[in-house]
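Undergrad: Mind folding the following:
(one chain, ligands or ions: 1)
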Amino acid sequence: MTSTSPDGATTPTTPVPAVLVLEDGRVHRGTAFGATGTAFGEAVFTTGMTGYQETLTDPSYRRQIVVATAPQIGNTGWVAGSSRDRQTTALPEGVRADVPAGPQDPDDNESKAIWVAGFVVRDLAPRPSNWRATGTLSDEMAAQGVVGIAGVDTRALTRHLRTAGAMRCGIFSGSDVTDVETMVAAVKATDGMAGADLSGEVSTTERYTVPAAGEQKFTVAALDLGIKANTPRMLAARGITTHVLPATATIEDVRAVGADGVFLSNGPGDPATADAMVALTADVLEAGIPLFGICFGNQILGRALGLGTYKLKFGHRGINQPVQDRRTGQVLVSAHNHGFAVDAPRDGDFDTPYGPARVAFTCLNDDVVEGLECLDKPAFSVQFHPEAAAGPHDAGYLFDRFVELMDSNTPEGKNA
Ligand SMILES: NC(=O)CC[C@H](N)C(=O)O
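TA: Sure thing, here's the model as predicted:
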């Protein structure tokens with residue numbers, strides 16, 4: 001339903017009607033973009049003003065329909081084409097050519113695919129204005145079969161989600177639009193996010209390696225629960241070779257790659273389902289291997305320490321969330337994407353099976369736990385995203401903290 005002019009602008013020919021239907025019966029009407037059809041997922045909003053490509057390709061958004069509060073989306077187009085396609089030299093052994101992860105990658109994808117179930121925007125920019133763009137958002141979503149709806153008052157919708165909470169929804173477009181009762185019933189027949197076990201659906205099935213940039217200092221085993229490309233890139237920039245392991249990895253797999261440290265990635269779904277990863281984390285803590293977790297990884301470390309997790313009313317998603325590093329008092333502006341959180345005492349150290357631990361970060365908007373730190377084990381984690389590719393970069397130093405943990409775990413470090 002679009003035509004592309006010689007200068008790359010995609011213009012709608014006949015607008016195709018689309019409807020966003022929430023499980024509580026609220027309806028927003030608009031027009032289709034991307035693929036036409038039906039999509040179901042949890043309606044969540046993000047307040048990020050930039051970085052929609054990084055958001056859409058973040059595997060943590062699996063089974064979520066993302067609502068952008070930024071009023072215009074699509075103006076930077078789509079920046080695709082991994083450098084791997086252009087690479088002329090042979091790749092190091094174990095590096096998969098189809099994974100766009102490496103310090104040299106110029107594209108904006110955080111993974112190989114768009115993972116959101118659907119995308120809801122107000123004004124879809126028909127013409128990208130970006131010298132790096134290789135196509136349009138709408139064409140890329142259509143190519144990947146991802147349904148979008150434009151023309152929605154996303155700020156009104158966001159106010160509703162803040163009051164009523166994140167909930168199941170559906171986008172119906174083209175000939176899939178039917179009467180509201182039928183569409184609401186279809187939405188209600190889908191599964192919610194509580195209890196969803198999704199990391200296995202986005203994880204790599206085989207191990208791959210992202211080499212250190214320059215001289216290798218350490219080797220890290222990164223558990224791929226939905227890892228974003230920028231994480232191995234941030235590690236590589238610090239002299240770390242990352243072996244990305246499937247979500248099913250065990251402590252033997254970690255030992256087999258000679259890991260100096262273990263990284264637990266971000267990922268979709270309910271952390272209450274991540275029993276196997278919690279067991280692996282317990283083994284890593286027991287072994288005293290330095291550990292760093294991000295987002296889902298923070299929730300998994302929390303569970304391994306004996307803490308519970310719970311579902312937030314509408315979650316944190318955006319790139320301007322204030323968190324406080326309780327070690328230094330410093331406030332960071334950070335990127336968030338989480339619908340669950342760890343329940344932990346904030347008023348001092350607490351006991352765990354692995355010695356004392358403490359809440360290392362909290363969100364200044366709502367006092368939600370944003371990071372954990374073990375005091376007797378080389379392990380810490382954050383609920384926010386130091387690897388955020390669209391920025392901000394305030395929290396990048398946490399990767400250095402991970403390197404310091406590995407430094408102090410070497411025989412020389414232990415004797416220092
Ligand atoms: N980005 C993430 O890792 C999200 C973790 C988890 N799925 C949550 O929604 O809280």
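
Undergrad: mind listing the helices for the stretch 51-200 of the chain?
TA: Along the stretch 51-200 of the chain, the segments classed as helices by DSSP state H, counting those that start in this stretch run 52-56, 83-86, 137-143, 154-164, 180-188, 199-202.

Undergrad: cool, and the stretch 251-400 of the chain?
TA: Assigned by DSSP H, counting those that start in this stretch, the stretch 251-400 of the chain shows helices spanning 251-256, 275-287, 296-304, 397-408.

Undergrad: So which bits of the second one are buried?
TA: Just to be clear, that refers to helix 275-287. 276-278, 280-285 (16 or more other Cβ atoms under 10 Å). No exception for glycine: its C-beta is placed from N, CA and C like everyone else's.

Undergrad: what's the closest of those residues to the ligand?
TA: Comparing the buried residues of helix 275-287 against the ligand with Cβ to the nearest ligand atom places M277 closest, at 11.7 Å.

Undergrad: Can you list the buried residues in stretch 398-412?
TA: Buried residues in stretch 398-412, defined by neighbour count with 16+ other Cβ under 10 Å: 398-399, 401-403, 405-407, 409.

Undergrad: Of the helices of the stretch 251-400 of the chain, which is nearest the ligand?
TA: Of those, nearest to the ligand by Cβ to the nearest ligand atom is helix 296-304, at 3.6 Å.

Undergrad: Tell me the pLDDT of the nearest residue to V342 once chain neighbours are set aside.
TA: Ranked by Cβ to Cβ, 6 or more residues apart in numbering and with sequence neighbours excluded, the top spatial neighbour of V342 is G302, at 3.7 Å. pLDDT for G302: 98.

Undergrad: so what's G302 up against?
TA: By Cβ atoms under 8 Å, 6 or more residues apart in numbering, the residues touching G302 are 271, 308-309, 342, 344, 369, 372, 381.

Undergrad: And the furthest pair within the residues you listed?
TA: G308 and S381 (15.4 Å; Cβ to Cβ).

Undergrad: The two - which one has more neighbours?
TA: A count of neighbours by other Cβ atoms under 10 Å puts S381 above the other of G308 and S381, at 30 against 13.

Undergrad: looking at it, the more buried one is touching F296, isn't it?
TA: No: the pair S381 / F296 is not scored as a contact, 9.7 Å apart, by Cβ atoms under 8 Å.

Undergrad: before we move on, the earlier item: what I need now is the buried residues of stretch 398-412 written out in CSV, including distance to the ligand and pLDDT for each item.
TA: Shown next, in CSV, are the buried residues of stretch 398-412 (distance: Cβ to the nearest ligand atom, whole Å; pLDDT from 0 to 100):
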residue, distance to the ligand, pLDDT
L398, 15, 97
F399, 17, 97
R401, 19, 97
F402, 17, 98
V403, 22, 98
L405, 21, 98
M406, 23, 98
D407, 27, 97
N409, 25, 93
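
Undergrad: shouldn't P17 be in contact with F33?
TA: No: assessed by Cβ under 8 Å, P17 is found out of contact with F33, at 11.9 Å.

Undergrad: Quick one, which of the helices of the stretch 51-200 of the chain gets closest to T76.
TA: Nearest to T76 among the helices of the stretch 51-200 of the chain is helix 52-56; the distance by Cβ to Cβ comes to 7.5 Å.
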